[in-house]
Structures are given as C-alpha cells and as structure tokens.
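*Asks:* Pasting the sequence and the predicted coordinates here, then a few questions.
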Amino acid sequence: MSANPVSNINHHTTLLMRHLYACFLLIYPVFFSQIAQAQTVQTVQFTPPVLRAPLHLTPGENLIRVGNLTPGRTYSFIPVAAFPEVKAQFKTTFADKKMEAVAMTLTPADRPQWRRMQIEGTDVLLVVDMESAMEETPVSLSINCEDCPRSTLWLDKFKDAVESVNIQTTPGVSATSLITNTLIGGDCFEVSGITGTGNVNSR
C-alpha cells in the first residue's frame, strides 16, 4: 500500500515548523536583548579639559558611551544628581572587565560612584547603576581630564584688559581737600582739625 502524499507533506511541514520555532526561541532573547541594549546607550562627546554632561537615567543599569577622548590621558568620571533635592545613589563601572579591574586600584573603595582610568582609546563605555525613587532622574556626568593642558585664554584676556586700562592720577592733593571733597563731599558738613602725614604726592 503506497504512502499518502498529502500525509507526507503535512508531516514534513510539521517538522519544519518545529525546527523554525526552536530556532526562534534560541535567537529571540539574544536578538532582542541586543536591540534593547543598543536603545539604552547614551552618548556623550567630551570637550576638554572638563565637562558636565546632562543626562536622564532610570533606576538600574544605564550604559553611557563617552567619546572624543585622547588616548593616553587620565580621566575621571563621576555621576551626580543634577539638583540637590534629587535623592539618588550611583555606582559606576567600566563595561570592559579588564579596564574595571585596573580602575578599581586607582579609585577609592569608599566612592563607588567615581571611576578613574588612563584611557587607551578614543571612547569608553560606562555602566552607571542608579538607585532612585524617580522613574527618570536628571543627572550630570562630570568628566575631568586630569592631565590635559589647561587653557589660559581667559587669563591672557584679563592681562590685556588690565594693561589697556588708562588710569589717571592727580598728585599733590591736600589732606583737607581729600576729606572734604572726596570722602565727605556735598558741602553738608564743616570739618576741622584735619592733618596729614607723609609725602603729599602719595595722596
């Protein structure tokens, strides 16, 4: 008696569907966890030597990628609540386990929110674990390049401004004139008994 072709097709179709379903169960967690992880990564571009980057974090682990770093420089990373009334606790680690092992030796153990490290690449991935009663917490990520050259532009401008000020002096003013016209002024009082000591040009 010959096999039923329709029955064979149904059997093979059932086996194929089972295999596809098994593959789906294996791929689904990995695929969608990678998508979820990619969606939660926040990016910060560092501008030396110091930056306070505004972020919004949620309770639990948050991924933050910091870019535009200079290889070979030492950086410190500290997340803090953006406002004093915001209550939150932070623990910062490097996603790279080897980097984290080194950073633990460079950072005080009693400051889990702080990580310090000499960075070899141009970017780094941080894991900030936050405890907060708020669903979304405003946070400032403080980034400091400890050995980057500091800009002296503001000091140069200040020196130029001071040197360009035209100060005029009037030497030889008497002590009486300084008291009655400068200190008191207005001709509202009669002042007497004024004496002065020292060179008159120093007044």
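*Replies:* That came through fine. Quick caveat: nothing in here was measured; it's all calculated off a predicted structure.
*Asks:* Run through the bridge partners of A81.
*Replies:* V139 (DSSP bridges).
*Asks:* ditto for R52
*Replies:* S142.
*Asks:* do the same with R115
*Replies:* Bridge pairing for R115 - DSSP bridges - gives F77.
*Asks:* quick one: contacts for it?
*Replies:* Residues in contact with R115, defined by C-beta atoms under 8 Å, 6 or more residues apart in numbering, are S76, F77, I78, T92, T93, F94, A103, T107, L126. C-beta here means a position set from N, CA and C on the backbone, and glycine is covered the same way.
*Asks:* A103 versus the first one, what's the distance?
*Replies:* From S76 over to A103 the distance is 10 Å, taken as C-beta to C-beta, to the nearest Å.
*Asks:* so what sits against both of the two?
*Replies:* With contacts taken as C-beta under 8 Å, 6+ apart, S76 and A103 have R115, R116 as neighbours in common.
*Asks:* which regions of the chain sit below the pLDDT cut-off?
*Replies:* 1-16, 19-39, 151, 153-154, 165-168, 185-188, 200-203 (pLDDT under 70).
*Asks:* And the strands in it?
*Replies:* 41-45, 50-57, 60-67, 74-81, 88-94, 115-118, 124-132, 137-145 (DSSP state E).
*Asks:* Residues in contact with the fifth one: which ones?
*Replies:* Going back to what we said before, that points to strand 88-94. The contact list for strand 88-94, computed with C-beta under 8 Å, 6+ apart, reads 57, 77-81, 100, 103, 112-115, 117, 124-132, 134, 137, 139.
*Asks:* thinking again about what came up before, from the contacts of R115, which is closest to G193?
*Replies:* G193 has its nearest neighbour among the contacts of R115 in I78, at 62.6 Å by C-beta to C-beta.
*Asks:* Neighbours of that closest one, how many?
*Replies:* For I78, the neighbour count with other C-beta atoms under 10 Å is 17.
*Asks:* And the helices in the protein, which stretches?
*Replies:* 5-40, 97-106, 153-164, 175-177 (DSSP state H).
*Asks:* Tell me the buried residues within the contacts of strand 88-94.
*Replies:* Among those, those classed as buried by 16 or more other C-beta atoms under 10 Å are 57, 77-79, 81, 100, 103, 113-115, 117, 124, 126-130, 132, 137, 139.
*Asks:* neighbours of L155, just the number please.
*Replies:* Neighbours around L155, by other C-beta under 10 Å: 10.
*Asks:* Could you check how far it is from A161?
*Replies:* Distance from L155 to A161, counting by C-beta to C-beta: 11 Å.
*Asks:* Next, work out how far apart M99 and I119 are.
*Replies:* Separation of M99 from I119 (C-beta to C-beta): 8 Å.
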